[in-house]
Each structure stands twice: as structure tokens, then as C-alpha cells.
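Q: how does the following fold in three dimensions:
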Amino acid sequence: MSYLSVKQTSEKGGISVRRVNILCSEGWNPEITKTDIYWAIPADAEKPKDARIKLNTWEEGVLNEERRLKDLCLLVEESSEKALVPLHSL
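A: Numbering: from 1, shown residues only. Predicted structure coming up:
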């Protein structure tokens with residue numbers, strides 16, 4: 001297995017060296033080891049999701065609207081199954 005340095009990992013992932021050091025110290029990948037003063041990061045290690053990125057209010061609104069529409073569709077399907085005359089036959 002080949003390993004990358006913190007600098008190589010930061011260049012590969014497009015994040016700062018400081019952020020890679022923090023992620024390594026938090027243990028985001030159990031295969032990462034520390035040798036003396038250097039982190040040994042597997043070359044095939046995936047970059048973790050950035051927890052600092054949040055949805056903006058527009059995206060939250062869209063997701064909430066999608067959830068409401070799914071709930072409404074389920075209610076319509078349930079009520080059509082219980083109806084004397086199914087909705088799809090109208």
C-alpha cells in the first residue's frame with residue numbers, strides 16, 4: 001500500500017494542509033497512522049464530507065417541498081385504495 005504526505009493529500013483533495021492535519025488528528029480514516037512527526041495517509045483514502053457546508057434556505061425549501069409532495073402522494077394513494085371507486089378508473 002502506498003502512502004501520501006499531508007501536503008500531497010492536501011493538493012490531491014483541494015484542501016489546506018492545516019485541514020488535513022486536523023482531519024488526521026480527529027481520526028477520519030482508521031488506516032491513517034502517525035510515524036514520529038508525520039502522518040502516513042493511504043493513497044486511496046477518500047476525502048471526508050465537509051461538515052461545515054450547510055444548505056442555503058432555498059435548498060432547504062426545495063427539500064421540504066419535495067417531502068410534502070411525497071407525503072401528499074402517499075395520502076392520495078392510500079385514500080384511493082380505500083375508496084369505493086378507485087381514482088385511476090375515473
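
Q: pLDDT of the longest helix along the chain, averaged?
A: Once the chain is assigned using DSSP state H, the helix that runs over the most residues is helix 57-82. Averaged across helix 57-82, the pLDDT comes to 80.

Q: helices or strands next to that helix in the packing?
A: Contacts of helix 57-82 with other secondary structure elements, assessed using 3 or more Cβ pairs under 8 Å, 6 or more residues apart in numbering; DSSP states H and E, are absent: no helix or strand is involved. For the C-beta atoms, the positions are set from N, CA and C on the backbone; glycine is no exception.

Q: buried stuff in that helix?
A: Of the residues in helix 57-82, none count as buried by neighbour count, 16 or more other Cβ atoms under 10 Å.

Q: how far does that helix sit from the chain's center?
A: Counting by Cα atoms, centre = their mean, to the nearest Å, helix 57-82 is centred 23 Å from the centre of its parent chain.

Q: so residue 34, which state does it fall into?
A: Here residue 34 takes the strand state, with states given by DSSP: H, G, I helix; E, B strand; the rest coil.

Q: so it sits against residue 40, correct?
A: Yes. Counting by Cβ atoms under 8 Å, residue 34 sits close enough to residue 40 to count as a contact (7.3 Å).

Q: those two - which one has more neighbours?
A: Neighbour tally, residue 34 and residue 40, criterion other Cβ atoms under 10 Å: the higher count belongs to residue 40, 16 against 10.

Q: residues touching that one, list them.
A: Contacts were defined as Cβ atoms under 8 Å, 6 or more residues apart in numbering; by that measure residue 40 touches 3, 32-34.

Q: what pLDDT, on average, does the helix or strand it falls within get?
A: In this assignment (DSSP states H and E), residue 40 forms part of strand 38-42. For strand 38-42, the mean pLDDT works out to 92.
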